[in-house]
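Student: give me coordinates for this.
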Amino acid sequence: MSDQAEWVRGLDEPSAALLLAALGPMLESFVEIGMGYLSLDRSAGTFSGGWAQRIRIIRRLGADIGQPLGVANSSSVEGAPSS
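Tutor: Residues are numbered from 1 along each chain as shown. I've put the predicted structure just below:
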């Protein structure tokens with residue numbers, strides 16, 4: 001995704017301005033959390049649970065701000081005893 005993010009940054013195509021405005025930040029978000037090595041042709045079903053959760057968070061952060069977002073850390077999800 002790093003390559004695609006760089007490519008999108010370099011585009012200056014007025015007819016695709018709305019698409020690029022949405023796609024660019026989404027790709028940059030993936031790169032920022034360490035998923036830049038992935039390719040766009042990879043099936044979402046091949047991601048581990050942790051990576052799938054990160055993708056859902058990115059998608060929600062880009063969604064309407066009025067929608068609720070719940071986040072749980074790994075220990076609370078796995079039922080680890082609290083200290």
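
Student: now the helices: where do they sit in this structure?
Tutor: Assigned by DSSP state H, the chain shows helices spanning 2-9, 17-32, 49-61, 74-78.

Student: pLDDT on the last one, on average?
Tutor: Meaning helix 74-78. Looking at helix 74-78 alone, the average pLDDT works out to 52.

Student: reformat the helices of the chain as a markdown table; add distance to residue 40 and mean neighbour count.
Tutor: The C-beta positions use only the backbone N, C-alpha and C, and glycine is treated the same way. Shown next, in a markdown table, are the helices of the chain (distance: least, Cβ to Cβ, whole Å; neighbours: other Cβ atoms under 10 Å):
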| stretch | distance to residue 40 | mean neighbour count |
| --- | --- | --- |
| helix 2-9 | 6 | 15 |
| helix 17-32 | 9 | 15 |
| helix 49-61 | 13 | 14 |
| helix 74-78 | 27 | 10 |
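
Student: in TSV, list those along with distance to residue 41.
Tutor: As requested, these are exported to TSV (distance: least, Cβ to Cβ, whole Å):
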stretch	distance to residue 41
helix 2-9	11
helix 17-32	14
helix 49-61	15
helix 74-78	29
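
Student: quick one: closest of the ones you listed to residue 43.
Tutor: Ranking the helices of the chain by their distance to residue 43 (criterion: Cβ to Cβ) puts helix 49-61 first, at 11.4 Å.

Student: just checking, what packs against that closest one?
Tutor: Where contact means 3 or more Cβ pairs under 8 Å, 6 or more residues apart in numbering; DSSP states H and E, helix 49-61 is packed against helix 17-32.

Student: I'd like to know which elements the helix it packs on is packed against.
Tutor: helix 2-9, helix 49-61.

Student: for residue 16, which of those is the nearest?
Tutor: Taking the helices and strands packed on helix 17-32 one by one with Cβ to Cβ, helix 2-9 is closest: 9.6 Å.
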